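>>> from the sequence below, what's the structure:
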Amino acid sequence: MVMGPTHAMSGAALWLAGSAVASAAFGIDQTASELAVGTIAAAGAALYPDIDCAGRVTENKGGSTVARSFGVVSLLFAEIVERLCYWFYLITKSKKDKKRNNGHRLFTHTIVHAAIVGTGTGFLAAWGGKFAVIAILFLLTGLAVRGLMNSIAEKYGWIVTTGISLAVAYGMYHLLDENRSYWILGLAMGIGCFIHILGDVITKMGCPMFFPLPIQKKRWREIGLPDSIALRAGGKAENKILLPALTVIVVLGMFYNLPEVQALLFGPEGGQGASN
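Just a heads-up that it's a prediction; the model follows:
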(Lines give C-alpha, C1' and ligand atoms only; values in the text may rest on other atoms or scores of the structure.)
Protein backbone atom coordinates (compact mmCIF):
# COMPACT_ATOMS: atom_id res chain seq x y z
CA MET A 1 0.00 0.00 0.00
CA VAL A 2 1.04 3.63 -0.46
CA MET A 3 3.06 4.79 2.57
CA GLY A 4 1.63 6.98 5.34
CA PRO A 5 3.57 10.18 4.49
CA THR A 6 2.38 10.05 0.88
CA HIS A 7 -1.23 9.55 1.93
CA ALA A 8 -1.10 12.46 4.38
CA MET A 9 0.66 14.78 1.94
CA SER A 10 -1.86 13.92 -0.80
CA GLY A 11 -4.73 14.98 1.47
CA ALA A 12 -3.07 18.29 2.33
CA ALA A 13 -2.15 18.92 -1.31
CA LEU A 14 -5.66 18.27 -2.59
CA TRP A 15 -7.23 20.54 0.04
CA LEU A 16 -4.86 23.43 -0.66
CA ALA A 17 -5.18 23.02 -4.43
CA GLY A 18 -8.96 22.88 -4.16
CA SER A 19 -8.99 25.95 -1.92
CA ALA A 20 -6.91 27.84 -4.48
CA VAL A 21 -9.31 26.90 -7.29
CA ALA A 22 -12.35 27.82 -5.17
CA SER A 23 -10.82 31.22 -4.41
CA ALA A 24 -9.71 32.02 -7.97
CA ALA A 25 -12.69 30.64 -9.88
CA PHE A 26 -15.61 31.09 -7.51
CA GLY A 27 -14.49 33.74 -5.04
CA ILE A 28 -14.87 31.33 -2.12
CA ASP A 29 -12.27 32.42 0.41
CA GLN A 30 -11.35 30.99 3.81
CA THR A 31 -9.96 32.60 6.91
CA ALA A 32 -6.47 31.54 8.00
CA SER A 33 -7.95 29.36 10.75
CA GLU A 34 -10.41 27.72 8.34
CA LEU A 35 -7.65 26.96 5.85
CA ALA A 36 -5.47 25.48 8.59
CA VAL A 37 -8.34 23.40 9.95
CA GLY A 38 -9.25 22.06 6.51
CA THR A 39 -5.66 21.23 5.59
CA ILE A 40 -4.98 19.39 8.86
CA ALA A 41 -8.29 17.54 8.63
CA ALA A 42 -7.72 16.47 5.01
CA ALA A 43 -4.17 15.29 5.78
CA GLY A 44 -5.36 13.23 8.74
CA ALA A 45 -8.42 11.92 6.92
CA ALA A 46 -6.20 10.74 4.07
CA LEU A 47 -4.75 8.20 6.51
CA TYR A 48 -7.98 7.26 8.27
CA PRO A 49 -9.18 4.43 5.95
CA ASP A 50 -6.22 2.29 7.06
CA ILE A 51 -7.75 2.11 10.54
CA ASP A 52 -8.85 -1.36 9.38
CA CYS A 53 -5.28 -2.73 9.68
CA ALA A 54 -4.54 -3.59 13.32
CA GLY A 55 -1.38 -5.68 13.46
CA ARG A 56 -0.46 -7.38 16.76
CA VAL A 57 -2.49 -5.31 19.15
CA THR A 58 -1.40 -6.75 22.48
CA GLU A 59 2.28 -6.18 21.63
CA ASN A 60 1.75 -2.71 20.14
CA LYS A 61 3.46 -3.93 16.97
CA GLY A 62 2.54 -3.97 13.33
CA GLY A 63 -0.60 -2.43 11.97
CA SER A 64 -0.98 0.56 9.73
CA THR A 65 0.47 4.01 10.34
CA VAL A 66 -2.88 5.35 11.51
CA ALA A 67 -3.48 2.37 13.82
CA ARG A 68 -0.28 3.22 15.71
CA SER A 69 -1.11 6.93 16.09
CA PHE A 70 -2.29 6.77 19.71
CA GLY A 71 -0.53 3.63 20.87
CA VAL A 72 -2.47 0.67 22.22
CA VAL A 73 -5.73 2.66 22.29
CA SER A 74 -5.77 3.22 18.53
CA LEU A 75 -4.50 -0.32 17.89
CA LEU A 76 -7.40 -1.75 19.86
CA PHE A 77 -9.82 0.44 17.93
CA ALA A 78 -8.21 -0.70 14.68
CA GLU A 79 -8.67 -4.32 15.75
CA ILE A 80 -12.39 -3.72 16.30
CA VAL A 81 -12.76 -1.96 12.95
CA GLU A 82 -10.87 -4.69 11.11
CA ARG A 83 -13.06 -7.43 12.57
CA LEU A 84 -16.25 -5.51 11.80
CA CYS A 85 -15.09 -4.97 8.22
CA TYR A 86 -14.26 -8.67 7.88
CA TRP A 87 -17.63 -9.75 9.25
CA PHE A 88 -19.41 -7.29 6.97
CA TYR A 89 -17.50 -8.76 4.04
CA LEU A 90 -18.59 -12.28 4.93
CA ILE A 91 -22.23 -11.16 5.11
CA THR A 92 -22.25 -9.20 1.85
CA LYS A 93 -19.78 -10.99 -0.44
CA SER A 94 -20.95 -12.73 -3.58
CA LYS A 95 -20.04 -16.24 -4.69
CA LYS A 96 -17.39 -14.78 -7.01
CA ASP A 97 -15.61 -12.81 -4.30
CA LYS A 98 -12.42 -14.42 -3.05
CA LYS A 99 -11.81 -15.89 0.38
CA ARG A 100 -10.19 -13.58 2.91
CA ASN A 101 -8.87 -13.90 6.46
CA ASN A 102 -8.76 -10.22 7.46
CA GLY A 103 -10.71 -6.99 7.04
CA HIS A 104 -8.04 -4.72 5.54
CA ARG A 105 -8.91 -2.77 2.39
CA LEU A 106 -12.59 -3.54 2.53
CA PHE A 107 -15.43 -1.23 3.62
CA THR A 108 -13.24 1.67 4.79
CA HIS A 109 -11.73 1.72 1.30
CA THR A 110 -14.99 2.41 -0.54
CA ILE A 111 -16.58 5.59 -1.85
CA VAL A 112 -19.71 4.74 0.16
CA HIS A 113 -17.71 4.81 3.38
CA ALA A 114 -16.01 8.09 2.41
CA ALA A 115 -19.42 9.67 1.85
CA ILE A 116 -20.80 8.34 5.16
CA VAL A 117 -17.93 9.49 7.37
CA GLY A 118 -17.68 12.80 5.52
CA THR A 119 -21.38 13.52 6.04
CA GLY A 120 -21.27 12.36 9.65
CA THR A 121 -18.24 14.51 10.43
CA GLY A 122 -19.87 17.53 8.82
CA PHE A 123 -23.06 17.17 10.87
CA LEU A 124 -21.09 16.61 14.06
CA ALA A 125 -18.97 19.72 13.46
CA ALA A 126 -21.99 21.84 12.49
CA TRP A 127 -24.32 20.75 15.29
CA GLY A 128 -21.81 19.90 18.03
CA GLY A 129 -20.24 23.36 18.03
CA LYS A 130 -16.74 24.36 18.92
CA PHE A 131 -16.02 21.49 21.30
CA ALA A 132 -17.00 18.92 18.67
CA VAL A 133 -14.65 20.61 16.21
CA ILE A 134 -11.82 20.49 18.76
CA ALA A 135 -12.40 16.76 19.35
CA ILE A 136 -12.41 16.05 15.61
CA LEU A 137 -9.26 18.12 15.13
CA PHE A 138 -7.50 16.33 17.98
CA LEU A 139 -8.03 12.97 16.32
CA LEU A 140 -7.26 14.09 12.76
CA THR A 141 -4.20 16.05 13.86
CA GLY A 142 -2.86 12.89 15.46
CA LEU A 143 -3.29 11.00 12.20
CA ALA A 144 -1.72 13.83 10.21
CA VAL A 145 1.27 14.01 12.57
CA ARG A 146 1.75 10.27 12.34
CA GLY A 147 1.83 10.52 8.56
CA LEU A 148 3.76 13.76 7.99
CA MET A 149 6.26 13.26 10.84
CA ASN A 150 6.54 9.51 10.45
CA SER A 151 10.21 9.08 11.42
CA ILE A 152 9.87 11.20 14.59
CA ALA A 153 6.58 9.54 15.53
CA GLU A 154 8.11 6.08 15.10
CA LYS A 155 11.05 7.05 17.32
CA TYR A 156 9.06 8.58 20.18
CA GLY A 157 5.75 6.77 19.67
CA TRP A 158 2.27 7.88 20.62
CA ILE A 159 3.52 10.43 23.18
CA VAL A 160 4.64 12.85 20.43
CA THR A 161 1.46 12.31 18.42
CA THR A 162 -0.79 12.90 21.42
CA GLY A 163 1.21 15.89 22.66
CA ILE A 164 1.12 17.71 19.34
CA SER A 165 -2.57 16.89 18.92
CA LEU A 166 -3.34 18.38 22.34
CA ALA A 167 -1.31 21.51 21.56
CA VAL A 168 -3.10 22.05 18.24
CA ALA A 169 -6.51 21.41 19.83
CA TYR A 170 -5.74 23.92 22.59
CA GLY A 171 -4.61 26.52 20.06
CA MET A 172 -7.67 26.05 17.88
CA TYR A 173 -9.91 26.34 20.94
CA HIS A 174 -8.78 29.95 21.27
CA LEU A 175 -8.63 30.77 17.56
CA LEU A 176 -11.87 29.34 16.21
CA ASP A 177 -14.98 31.50 16.08
CA GLU A 178 -17.73 30.01 18.25
CA ASN A 179 -20.41 31.48 15.98
CA ARG A 180 -19.03 29.93 12.81
CA SER A 181 -20.30 26.62 11.41
CA TYR A 182 -17.49 24.22 10.57
CA TRP A 183 -19.46 21.84 8.41
CA ILE A 184 -16.54 22.18 5.99
CA LEU A 185 -14.72 19.64 8.19
CA GLY A 186 -17.02 17.01 6.74
CA LEU A 187 -15.91 17.95 3.24
CA ALA A 188 -12.27 17.68 4.31
CA MET A 189 -12.95 14.26 5.85
CA GLY A 190 -14.68 12.95 2.75
CA ILE A 191 -12.01 14.34 0.41
CA GLY A 192 -9.22 12.90 2.54
CA CYS A 193 -10.79 9.42 2.52
CA PHE A 194 -11.37 9.62 -1.22
CA ILE A 195 -7.78 10.61 -2.04
CA HIS A 196 -6.61 7.71 0.14
CA ILE A 197 -8.68 5.35 -1.99
CA LEU A 198 -7.18 6.76 -5.19
CA GLY A 199 -3.72 6.34 -3.68
CA ASP A 200 -4.38 2.64 -3.13
CA VAL A 201 -5.92 2.25 -6.58
CA ILE A 202 -2.58 3.09 -8.21
CA THR A 203 -0.96 0.11 -6.45
CA LYS A 204 -1.01 -3.53 -7.56
CA MET A 205 -3.46 -4.66 -4.89
CA GLY A 206 -6.06 -1.94 -5.50
CA CYS A 207 -9.23 -1.64 -3.40
CA PRO A 208 -13.00 -2.25 -3.79
CA MET A 209 -13.85 1.44 -4.19
CA PHE A 210 -17.14 0.87 -6.04
CA PHE A 211 -18.78 -1.49 -3.52
CA PRO A 212 -21.64 -2.51 -3.59
CA LEU A 213 -21.88 -2.14 -7.37
CA PRO A 214 -21.33 -5.59 -8.92
CA ILE A 215 -18.34 -5.72 -11.28
CA GLN A 216 -17.72 -9.05 -13.02
CA LYS A 217 -20.31 -10.46 -10.60
CA LYS A 218 -18.20 -9.40 -7.63
CA ARG A 219 -19.46 -6.93 -5.03
CA TRP A 220 -15.94 -6.44 -3.69
CA ARG A 221 -14.10 -6.22 -7.02
CA GLU A 222 -10.70 -4.65 -6.36
CA ILE A 223 -9.87 -1.79 -8.70
CA GLY A 224 -6.17 -1.26 -9.38
CA LEU A 225 -3.59 -0.62 -12.06
CA PRO A 226 -1.92 -3.37 -14.10
CA ASP A 227 1.26 -4.74 -12.53
CA SER A 228 3.39 -3.22 -15.28
CA ILE A 229 2.52 0.36 -14.31
CA ALA A 230 1.29 0.00 -10.71
CA LEU A 231 3.10 1.86 -7.95
CA ARG A 232 5.24 -0.14 -5.53
CA ALA A 233 4.96 1.04 -1.94
CA GLY A 234 8.18 2.66 -0.77
CA GLY A 235 9.70 2.35 -4.23
CA LYS A 236 11.55 4.93 -6.30
CA ALA A 237 8.41 6.18 -8.05
CA GLU A 238 6.77 7.02 -4.72
CA ASN A 239 9.81 8.39 -2.88
CA LYS A 240 11.49 10.26 -5.73
CA ILE A 241 8.53 11.41 -7.83
CA LEU A 242 5.12 11.23 -6.13
CA LEU A 243 6.03 12.40 -2.62
CA PRO A 244 8.27 15.30 -3.79
CA ALA A 245 5.58 16.41 -6.26
CA LEU A 246 2.94 16.43 -3.54
CA THR A 247 5.29 18.37 -1.25
CA VAL A 248 5.76 21.03 -3.94
CA ILE A 249 1.99 21.31 -4.38
CA VAL A 250 1.52 21.75 -0.61
CA VAL A 251 4.17 24.48 -0.41
CA LEU A 252 2.79 26.31 -3.46
CA GLY A 253 -0.75 25.98 -2.10
CA MET A 254 0.26 27.48 1.24
CA PHE A 255 1.93 30.47 -0.43
CA TYR A 256 -0.84 30.94 -2.98
CA ASN A 257 -3.48 31.26 -0.26
CA LEU A 258 -1.59 34.01 1.58
CA PRO A 259 -3.42 37.39 1.32
CA GLU A 260 -0.21 39.14 0.20
CA VAL A 261 0.29 36.71 -2.67
CA GLN A 262 -3.36 37.00 -3.69
CA ALA A 263 -3.06 40.80 -3.75
CA LEU A 264 0.14 40.56 -5.82
CA LEU A 265 -1.45 38.24 -8.36
CA PHE A 266 -4.95 39.70 -8.60
CA GLY A 267 -4.68 43.18 -7.10
CA PRO A 268 -6.45 44.52 -4.00
CA GLU A 269 -9.85 43.53 -5.34
CA GLY A 270 -8.79 39.96 -6.14
CA GLY A 271 -9.17 36.83 -4.02
CA GLN A 272 -8.51 37.31 -0.34
CA GLY A 273 -6.89 33.92 0.21
CA ALA A 274 -6.46 33.04 3.87
CA SER A 275 -7.64 36.36 5.21
CA ASN A 276 -7.26 37.42 8.83
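>>> only C-alpha atoms for contact and neighbour calcs from this point on.
Fine.
>>> any low-confidence regions in this structure?
Low-confidence regions of the chain, defined by pLDDT under 70, span residues 1-2, 57-62, 232-235, 259, 267-276.
>>> what about the helices in it?
Counting by DSSP state H, the chain has helices at residues 4-26, 32-45, 72-92, 111-148, 150-156, 158-175, 184-201, 236, 243-256, 259-266.
>>> any chance of the ones you listed in CSV, plus distance to Asp52 and mean neighbour count?
Below are the helices of the chain laid out as CSV (distance: least, Cα to Cα, whole Å; neighbours: other Cα atoms under 10 Å):
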stretch, distance to Asp52, mean neighbour count
helix 4-26, 14, 23
helix 32-45, 14, 26
helix 72-92, 4, 18
helix 111-148, 12, 21
helix 150-156, 19, 14
helix 158-175, 18, 17
helix 184-201, 13, 26
helix 236, 26, 12
helix 243-256, 24, 17
helix 259-266, 40, 15
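>>> okay if I get those helices as TSV plus distance to Cys53?
Formatted as TSV, the helices of the chain follow (distance: least, Cα to Cα, whole Å):
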stretch	distance to Cys53
helix 4-26	13
helix 32-45	15
helix 72-92	6
helix 111-148	14
helix 150-156	17
helix 158-175	17
helix 184-201	14
helix 236	24
helix 243-256	23
helix 259-266	41
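>>> how about those helices, which one is nearest Arg219?
Between Arg219 and the helices of the chain, the shortest separation by Cα to Cα is 7.8 Å, and it involves helix 72-92.
>>> mind checking how far Ala114 is from Ile195?
Using Cα to Cα, to the nearest Å, Ala114 is found at 10 Å from Ile195.
>>> er, Ser19 actually
Using Cα to Cα, Ser19 is found at 15 Å from Ile195.
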